[in-house]
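Undergrad: I would like the atomic coordinates for the input below:
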Amino acid sequence: MQVIIVAIGSAGDVNPFMVIGARLKKLGHEVLIVASPHFEEKVARAGLRLLPLGTEEDFQRAVNNPELWKAGTGFAAVWKEMPESIRLTYQQIEANHQGANTILVGSTLAIGARLAQEKLKLPLATVHLAPTCILSIHGTAQSPTHPLPSWLPNTFKKSFYQFLDYAVLDRISANSLNELRASMGLPPVKNVISKYIHSPELVICAFPDWFASVQADWPPSSYTTGFTLYSADKDLPLSAELEEFLQNGEAPIVFTAGSAMAFSKQFFEQATQASQQAGRRAVLVSAFKDQIPEEVPSSILHVSYANFNALFSRAAIAVHHGGIGTSAMALASGCPQIIVPYAHDQFDNGLRIEALGAGKAVAGRASFKKLKEAIQFASDPKIDRACKLFQKRIAESKPAEDQSADLILKKLGNQAPVGS
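TA: From the prediction side, this is the model:
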């Protein structure tokens, strides 16, 4: 069969879909990926064909918008880019699909694929990488994006989220989407984020049920798999400089704010201070050199990129933004975590990591005092033991990409699951 995968977002959003795509290709299917040309080289390395979505300039404009990285403005900043993304996604699918031989797989914001599902009658699996992609009154950690304490009555939480859906989310998203739908002869929709983004045929929750289990108000076609870990660079060696640094001292603390985060100068300044005050070695990972302090001691090394598969297994602690990909990689590596969230799903992911006993979520602005205290907390042997437990659980589980491929082919392609 032909599988068209639509992956919207930065590296942490796109990487898991390349893993799923590579698995489907290995099973003999033709796989196309609709994504930013920013990922052209990665897609080619995975042996897949890219259908470009926009331009490199579009990608850089989006990720370099400071409003994207704030809890209060992140969704509006994301949606600002969506109307054109939706239109271009639909055009790519319309131009390349093979009718009844085609299955669609889309990320949370692959709304162009939802339009193609309706207009072109193509089956679609929606894949959510993090629990907060599903607005639910159950099992959601308290955070700026989901601010209600768990002890509140469900009737109150339901009313609040209905108001949030109507007064905030639909106000931002529905008008532009419905204008496009009208031009295609499709009726208007509401509850865009709470309901419409989920395919009615299949929703794959790409995380294990011990991280977040399927809840009563999730889409009825929801299935958890596990973390879809990007391992294409698993055997990629660390740089000679980083390898030498790791070999010449105790395991360092690794600090990263995400591959696309260009507004992390304060984070790395506080990281440098906290590491020095704690007397710990550190590695600062950022592609943006201007975000790193001009002078750092010899106990701290800055690298523009590192293979986290290799680095986290040799780190004492991973301090990061709480993106689901980084969180999952640290869990799979058995590495204690400190999460310093900025926006989106990061708050919820951090609190879930903390609830598992695998790390600490830092609330509010991350001062060096808070980071130093979190480093002390995450150094507790109990945290390390919990991390090793979850590392073992992930290692012994069926790979998430296999589970996803099984579901996609069985539910949408009427094929028997792999290994049956």
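Undergrad: residues contacting the residue nearest to Ser299 when sequence neighbours are not counted?
TA: Once flanking residues are discounted, Ser299 sits nearest to Arg281: 4.9 Å by C-beta to C-beta, 6 or more residues apart in numbering. The way it works is simple: take the backbone N, C-alpha and C, and place the C-beta from them, glycine included. Arg281 makes contact with Phe245, Gly249, Glu250, Ala251, Pro252, Ile253, Ser275, Ser299, Ile300, according to C-beta atoms under 8 Å, 6 or more residues apart in numbering.
Undergrad: quick one, what contacts the fifth one?
TA: It refers to Pro252. Contacts of Pro252 (C-beta under 8 Å, 6+ apart): Phe245, Leu246, Arg280, Arg281, Ala282, Val283, Leu301, Ala315, Ala316.
Undergrad: thinking again about what came up before, ok, the residue nearest to Ser299 to Ser275 distance?
TA: As judged by C-beta to C-beta, to the nearest Å, Arg281 and Ser275 stand 7 Å apart.
Undergrad: Now list whatever residues contact both of these two.
TA: Ile253, Ser299, Ile300.
Undergrad: Among the residues you listed, which lie within strands?
TA: Using DSSP state E, Ile253, Ile300 are the members of the shared contacts of Arg281 and Ser275 that sit in strands.
Undergrad: top of the shared contacts of Arg281 and Ser275 by neighbour count?
TA: Ranked by neighbour count (other C-beta atoms under 10 Å), these have Ile253 at the top, with 25 neighbours.
Undergrad: Please give me every residue in contact with that residue.
TA: Contacts of Ile253 by C-beta under 8 Å, 6+ apart are Ala271, Ser275, Arg280, Arg281, Ala282, Val283, Ala315, Ala316, Ile317, Ala318, Val319, Ile375.
Undergrad: Would you tell me what the next helix or strand after the helix or strand encompassing Arg23 is?
TA: Following DSSP states H and E, one finds Arg23 within helix 11-26. The helix or strand immediately downstream of helix 11-26 is strand 30-35, counting by DSSP H and E.
Undergrad: and the angle from that following strand to helix 11-26?
TA: 170 degrees (axes from the mean of the first three to the mean of the last three C-alpha atoms, to 10 degrees).
Undergrad: Would you mind giving me the confidence score for the residue lying closest to Gln98 once chain neighbours are set aside?
TA: Distance criterion C-beta to C-beta, 6+ apart; nearest residue to Gln98, sequence neighbours excluded, is Gln2 at 4.8 Å. For Gln2, the model assigns a pLDDT of 96.
Undergrad: quick one: Gln2 from Ala22, how far?
TA: According to C-beta to C-beta, Gln2 and Ala22 sit 15 Å apart.
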